[in-house]
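Just a sequence and a predicted model for now, questions to come.
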Amino acid sequence: MTRSELETREVVRELITEHLDKLISAAIENASGLNHLMARDPNTGKYERVASDTEDPEVAAAQIDAALKSGSCWLMKKDASVPAFAELMHRALGRPIEPVEITGPDGPIRISWLKEAQ
Amino acid sequence: MPYVKTGRSSPGNGGARPGAGRPKGIPNKSTIQANAEKEAARERARLQITEKATPLVQKMIAKALGCHAFLRTKADGRLERVEPEMVEQLIAAGETVTKIFWRDPDVNAFKDLMSRALDLPRRQTVISGGDDNAAIQFVWVAANATENEPAEETEGEES
C-alpha cells in the first residue's frame, strides 16, 4: 500500500470516527424500529410515507407540515431492522462463533513451524 | 531422390539452440504492456476516487444516518412538527416528542463505514474433530526433534 493510500485511508477513518456516535445511535434506532409519518394521498387514496421522495430537509419539513395540517395522517411504527441488529451485535460481540470440525485419519493434528533442515 | 524421414535427430543440423527463446516465467512484451496499462488505469481510478473521497464519505454518512424530524403531541392530541433545537426543552417540560424518519438509516452504508473506520468485526472460530474430540495441540518443533517426538512443547491449546 502506497503512502498516499494510507493517508487517504486515515482521512476517511477520521471523517467517519467524527460521526461514530450518531451513526451508532441511528443504527440502534433502526434496530429498535423507526417511526414513520403516514398520510393519505388525495389522488390514490392510499396511505403513504410523508416526504419519502425528497432529500431536501426544507421540502420535507413543508410536506410534513402540510400533512399534519390536513389531519389525515398517523404515526406508524416500523418493524425492527434485523440487518441493523445483526451488524450492531457483530460490532459489540464479534461474529457468532463458527465451529470448524476437522475429520480424517485418527491421530493428533500437528501444526508447527518447519525448519529448513527437516 | 525422394525425401525419406528417418526419425533421428541430427545435432548440428538445425533445431533449437540451447538457451534460446524467452526464459520461463518472464512475461512476453504484450503481457508486460497490458499489465503496465492496467496498473496506469488502476492508479488513474485511484486518484479520481481519492480526490472525491471526502464528499463520497459524507454522502455515505448522511445515508447511514437517515433523515428525521421531530413531532410534538399537543394537548388536543394533534401532532406538530418542532425544530430539533426545541426537543430537549420540550422533553424537560414533560411533553411527548416523537422522532420520525422520512428517510431510513441505511444498514449497508453503516456496515461499510464501520468496516472502514474500525475494520471488519472479529471472527471467532472453534476447531473440533477427531473421535474423542481431543484437543488440538500447537507444538514448537526443535531442530533436532523427530516427527513423533517433539523436543519441547511450549503450548497446548484446547479446542
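Happy to help now that I have it.

Geometric centre of chain B: which residue is closest?
Closest to where the C-alpha atoms of chain B average out (Cα atoms, centre = their mean) is B:Leu120, at 8.0 Å.

repeat for chain A
Closest to where the C-alpha atoms of chain A average out (Cα atoms, centre = their mean) is A:Ala84, at 4.6 Å.

What's the first helix or strand after the helix or strand hosting it?
Secondary structure from DSSP states H and E places A:Ala84 in helix A:82-93. Moving toward the C-terminus from helix A:82-93, the first helix or strand encountered (DSSP H and E) is strand A:98-102.

and that next one, how far from the chain's centre?
Mean C-alpha position of strand A:98-102 versus that of the full chain (Cα atoms, centre = their mean, to the nearest Å) differs by 29 Å.

same question, stretch B:46-59
Going by Cα atoms, centre = their mean, where stretch B:46-59 is centred and where its chain is centred differ by 18 Å.

I'd like the domain boundaries of chain B, if you could list them.
In the assignment given by automatic domain parsing, the structural domains of chain B cover B:29-118, B:125-159.

centre of the chain versus the first one, how much separation?
If I follow you right, that is domain B:29-118. Its chain's C-alpha centre lies 21 Å from the corresponding centre of domain B:29-118 when counted by Cα atoms, centre = their mean.

what about that domain, start to end distance?
Domain B:29-118 has an end-to-end distance of 42 Å (criterion: Cα to Cα, to the nearest Å).

anything in that domain near chain A?
Yes: using Cβ under 8 Å from any Cβ of the partner chain, we find that domain B:29-118 touches chain A at B:46, B:50, B:53-54, B:57-58, B:61, B:64-67, B:69, B:71, B:78-81, B:98-105, B:107-108, B:110-111, B:113-114, B:116-118. In this view, the C-beta of every residue, glycine as well, is placed from N, C-alpha and C.

Where does pLDDT dip in chain B?
Residue ranges of chain B with pLDDT under 70: B:1-12, B:128-159.

Could you pull out the strands in the chain for me?
Chain wasn't specified; assuming chain A. Counting by DSSP state E, chain A has these strands, from start to end: A:35-40, A:47-49, A:73-77, A:98-102, A:110-111.

Please refer instead to chain B.
Listed in chain order, the strands of chain B (DSSP E) span B:67-73, B:79-82, B:97-103, B:125-129, B:137-138.

Could you pull out the buried residues of the third one?
Using 16 or more other Cβ atoms under 10 Å in any protein chain shown as the test for burial, strand B:97-103 gives B:Val97, B:Ile100, B:Phe101, B:Trp102, B:Arg103.

Please apply the same query to the first one.
Neighbour counts using 16+ other Cβ under 10 Å place B:Cys67, B:His68, B:Ala69, B:Phe70, B:Leu71, B:Arg72 of strand B:67-73 among the buried residues.

dump the residue contacts of the first one.
B:Cys67 is in contact with A:Glu55, A:Pro57, A:Ala60, B:Phe101, B:Trp102, B:Arg103, counting by Cβ atoms under 8 Å, 6 or more residues apart in numbering or on different chains.

can you do 10 Å?
With contacts defined as Cβ atoms under 10 Å, 6 or more residues apart in numbering or on different chains, B:Cys67 is in contact with A:51-52, A:54-57, A:60, B:100-105.

With distance to A:Glu29 added, can I get the residues you listed in TSV?
Rendered in TSV, the data for these read as follows (distance: Cβ to Cβ, whole Å):
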residue	distance to A:Glu29
A:Ala51	17
A:Ser52	17
A:Thr54	20
A:Glu55	19
A:Asp56	22
A:Pro57	18
A:Ala60	18
B:Ile100	11
B:Phe101	8
B:Trp102	14
B:Arg103	13
B:Asp104	9
B:Pro105	7
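
Next, count neighbours for residue 45.
You didn't say which chain, so I picked chain A. 7 (other Cβ atoms under 10 Å in any protein chain shown).

looking at chain B here, not the other one
Applying the criterion other Cβ under 10 Å, we find 10 residues in the vicinity of B:Ala45.

Quick check: the gap between it and A:Val11.
Taking Cβ to Cβ, to the nearest Å as the criterion, B:Ala45 is separated from A:Val11 by 18 Å.
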